[in-house]
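# Let me see the structure of the following:
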Amino acid sequence: MIWFHGIRLMMVSGFVVAALTVVVLATPMQVTQVNGTVKLKQADGTEVPAKPFRSGETITTGIKSSAVVSLGKLGRVEVFEESKMTLSFDDSGLTAMLDAGRVRVSSSPGANATVKTADGEIVAVGDKLKEFTVDVTCGDTFVSVRKGTVELRAGGTVKQIAAGSQDTAGVARPGCRP
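Residues are numbered from 1 along each chain as shown. Model (predicted):
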């Protein structure tokens, strides 16, 4: 492990991976033709220059930090503080595996967007711009839709959630609401 101007550099499977104390990028599981960039924001609010992002990488954010993954024609994914997400993508769309925290997905018309959680999956439907937030901080899956329509698929049921609406799957910790 090497420190360079306050950034920790590590060798992981032959790749040099830069990690701030608030964000760790893991080794890519696959490489696709679609390229993305990730913009990191440190706890003090300063931004780190954009870095290449490969399909299959994991982003973990700390307290008062965030990351935005821009995927060009597919859209973008904002990872909020204290979150952990693995993001895979190809020419047709993106799939995020949200293990902790909260993400906001904005997908372009015609691009597929799915967020998977322990409770089920959220799938953006239709050919319009979609923007939705998925939050698992309370132990359940809370979905809020700003633009477009998504399906919340959990426990053998499918719920349609339109712009301006929200819904949940799973069981939240008592007294917790994002």
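# can we go C-alpha only for contacts and neighbour counts from here?
Noted.
# thought V69 was touching F80?
No - contact criterion Cα atoms under 8 Å: V69 and F80 do not qualify, at 11.4 Å.
# what's the offset of stretch 158-173 from the middle of its chain?
Computed by Cα atoms, centre = their mean, to the nearest Å, the separation of stretch 158-173 from the middle of its chain amounts to 18 Å.
# Repeat that for stretch 132-139.
On Cα atoms, centre = their mean, the centre of stretch 132-139 falls 11 Å from the chain's centre.
# And for stretch 120-128?
With Cα atoms, centre = their mean, you get 15 Å for stretch 120-128.
# Are we agreed that K73 is in a helix?
Yes - per DSSP: H, G, I helix; E, B strand; the rest coil, K73 lies within a helix segment.
# And for it, the neighbour number?
By other Cα atoms under 10 Å, the residues close to K73 number 15.
# Quick check: closest non-adjacent residue to it.
S108 (6.5 Å; Cα to Cα, 6 or more residues apart in numbering).
# The one you found and G72 touch, don't they?
No - S108 lies out of contact with G72 (Cα under 8 Å); the separation is 9.0 Å.
# which one of these two has more residues nearby?
Comparing S108 with G72 by other Cα under 10 Å, the one with more neighbours is S108, at 20 against 13.
# From L94, how far out is that one?
Remark: distance between S108 and L94 (Cα to Cα, to the nearest Å) = 11 Å.
# which intervals of this protein have sub-threshold pLDDT?
1-45, 48-50, 178 (pLDDT under 70).
# can you give me the helices in it?
In the chain, no segments count as helices under DSSP state H.
# Tell me the bridge partners for the closest residue to V143 other than its chain neighbours.
Closest residue in space to V143, ignoring its immediate chain neighbours: V134 at 4.7 Å, by Cα to Cα, 6+ apart. Note on V134: beta-bridge partners V103, V143, judged by DSSP bridges.
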